[in-house]
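**Q** Next one to model:
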Amino acid sequence: MAPPSSRRSGFSKKAQFSVFAAYLLAGTGALAGLALLMLSLWQPTAFAPLRGLAGDIVAPAGEASAAMRNGRQGLFSGITAYFRAGSQNAALREEMELARIRLAEAEAVKDENRRLKALLGLGDKDVKPVAVARLVGSSATSGRRLAYLGAGSSDGVAEGMPVMSERGVIGRVLETGRKASRVLLLTDSESVLPVRRAKGDVVAFAEGRGDGMLRVRLVNLGINPLKPGDLMVTSGAGGYYRPGVAVAIITKTTPDGGLARLVAEPSAIGFVAVEPVHQPEAVAALQSARAPLDPAPATSVPSPAPSASDAAALEDSD
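**A** All right, here's what the predicted structure looks like:
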């Protein structure tokens, strides 16, 4: 007969002692744990050395696991940053572009404020501006060089008044409306302006060439005393402009004078000041003296620039 597949412990003394020993050890461990728990509650510092020793034993394993965890996090962060780098760089480039635009706008506002302050500085002189307005446009496609001013007769602007920037002469008012005016620029082919060299008594006439440059013709021909770099200013002859205002700088000499570039380039000017005519009585006298020689016009037209002979005569009379 085959033996049974399992037998109770009671049939074996060894198995019975094993079970008894297991229960005894379990009970002893439970009593020891309870005693230790009671002791730790009664004297918390009693097991401090043991806890420190246990901490020292498990510290290397904890550090190793922390290093592995940080390594995994760093690896995942690196991979994520790598895939996000393109979008982040694009966003940073856009922010830098916007910052450059804002900086350029701030510089433009700063420059415009500087120009306005310089124009307001004209009021510190004896001559008070009639109006300060924006130069809204200029022509540059033909021999005529005209500009348009955002101020008219309602602002006190009249024909013949000089137009100045913070750098120098722009031209003079040719025609006026109520809210706008047309300005004859110095470079216009019909513009003639009496000038002199800033250093010395060299007098000349600055004539517009229609190409953005001025032709300076000496009054007294002979040895040309002009040199490249000489500054030409208004002489005051003709009666329209006050003397001593910068006009142009000589760039090239010719037998009868030279070629000059403007000190105040109209295309780079934002705001200008309109000044009253420097010597209105002298201008009126010149116009009345020329009136019998000129045929009566059918309609009212702007007064032309003073001729070279008229300006020279007025300069000699002064």
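**Q** if I look at Q279, how far off is G160?
**A** Between Q279 and G160 the distance, using C-beta to C-beta, to the nearest Å, works out to 11 Å. From N, CA and C alone the C-beta is placed, and that goes for glycine too.
**Q** what do those two both touch?
**A** Contact with both Q279 and G160 is made by residues Y240, according to C-beta atoms under 8 Å, 6 or more residues apart in numbering.
**Q** and L98, that one's in a helix?
**A** Yes - note on L98: a helix contains this position according to DSSP: H, G, I helix; E, B strand; the rest coil.
**Q** for the stretch 51-200 of the chain, what spans make up the strands?
**A** Counting by DSSP state E, counting those that start in this stretch, the stretch 51-200 of the chain has these strands, from start to end: 131-138, 146-149, 162-164, 169-176, 181-185, 192-197.
**Q** Could I get these in TSV, plus columns for mean neighbour count and distance to L34?
**A** Putting these into TSV (neighbours: other C-beta atoms under 10 Å; distance: least, C-beta to C-beta, whole Å) gives the following:
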stretch	mean neighbour count	distance to L34
strand 131-138	17	97
strand 146-149	21	104
strand 162-164	27	105
strand 169-176	24	105
strand 181-185	24	108
strand 192-197	24	115
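**Q** What's the mean pLDDT across stretch 259-271?
**A** Taken as a whole, stretch 259-271 has an average pLDDT of 87.
**Q** Would you mind measuring the gap between the ends of that stretch?
**A** With C-alpha to C-alpha, to the nearest Å as the measure, the first residue of stretch 259-271 is 27 Å from its last.
**Q** can you pull the buried residues of that stretch?
**A** L259, A260, L262, V263, A264, P266, I269, F271 (16 or more other C-beta atoms under 10 Å).
**Q** What's the local residue count around I249?
**A** Residues near I249, counting by other C-beta atoms under 10 Å, number 18.
**Q** For it, list each beta-bridge partner.
**A** With beta bridges defined as DSSP bridges, I249 has these partners: L231, R261.
**Q** was I right about it contacting L259?
**A** No - contact status for I249 versus L259: not in contact, 10.2 Å apart, counting by C-beta atoms under 8 Å.
**Q** Can you check which residues contact both of those two?
**A** Where contact means C-beta under 8 Å, 6+ apart, no residue is in contact with each of I249 and L259.
**Q** so who does H278 touch?
**A** For H278, the set of contacting residues under the criterion of C-beta under 8 Å, 6+ apart consists of V127, P162, G236, G239, Y240, Y241, R242, P243.
**Q** so it, which of the three states?
**A** Secondary structure for H278, judged by three-state DSSP, is coil.
**Q** Redo the strands of the stretch 51-200 of the chain as TSV? Include distance to V219.
**A** Listed next are those as TSV, based on distance: least, C-beta to C-beta, whole Å:
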stretch	distance to V219
strand 131-138	29
strand 146-149	27
strand 162-164	21
strand 169-176	19
strand 181-185	22
strand 192-197	9
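**Q** Turn the ones you listed into JSON lines, including mean pLDDT and distance to L214.
**A** Putting the strands of the stretch 51-200 of the chain into JSON lines (pLDDT from 0 to 100; distance: least, C-beta to C-beta, whole Å) gives the following:
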{"stretch": "strand 131-138", "mean pLDDT": "81", "distance to L214": "16"}
{"stretch": "strand 146-149", "mean pLDDT": "90", "distance to L214": "16"}
{"stretch": "strand 162-164", "mean pLDDT": "93", "distance to L214": "16"}
{"stretch": "strand 169-176", "mean pLDDT": "92", "distance to L214": "11"}
{"stretch": "strand 181-185", "mean pLDDT": "92", "distance to L214": "10"}
{"stretch": "strand 192-197", "mean pLDDT": "92", "distance to L214": "8"}
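**Q** who wins for proximity to A35 among those?
**A** strand 131-138 (98.1 Å; C-beta to C-beta).
**Q** wait, L193 sits on L186?
**A** Yes - taking C-beta under 8 Å as the definition, L193 is a contact partner of L186 at 6.1 Å.
**Q** between those two, what contacts are shared?
**A** Listed as contacting both L193 and L186 by C-beta under 8 Å, 6+ apart are V169, A206, V247.
**Q** Name the residues of the host helix or strand of T253 that are buried.
**A** Using DSSP states H and E, the element containing T253 is strand 246-254. With burial defined by 16+ other C-beta under 10 Å, the residues of strand 246-254 counted as buried are A246, V247, A248, I249, I250, T253.
**Q** Look up how far E275 lies from the first one.
**A** The reference is to A246. Distance of A246 to E275, computed by C-beta to C-beta: 14 Å.
**Q** ok, how many other residues are close to T234?
**A** When neighbours are counted by other C-beta under 10 Å, T234 registers 23.
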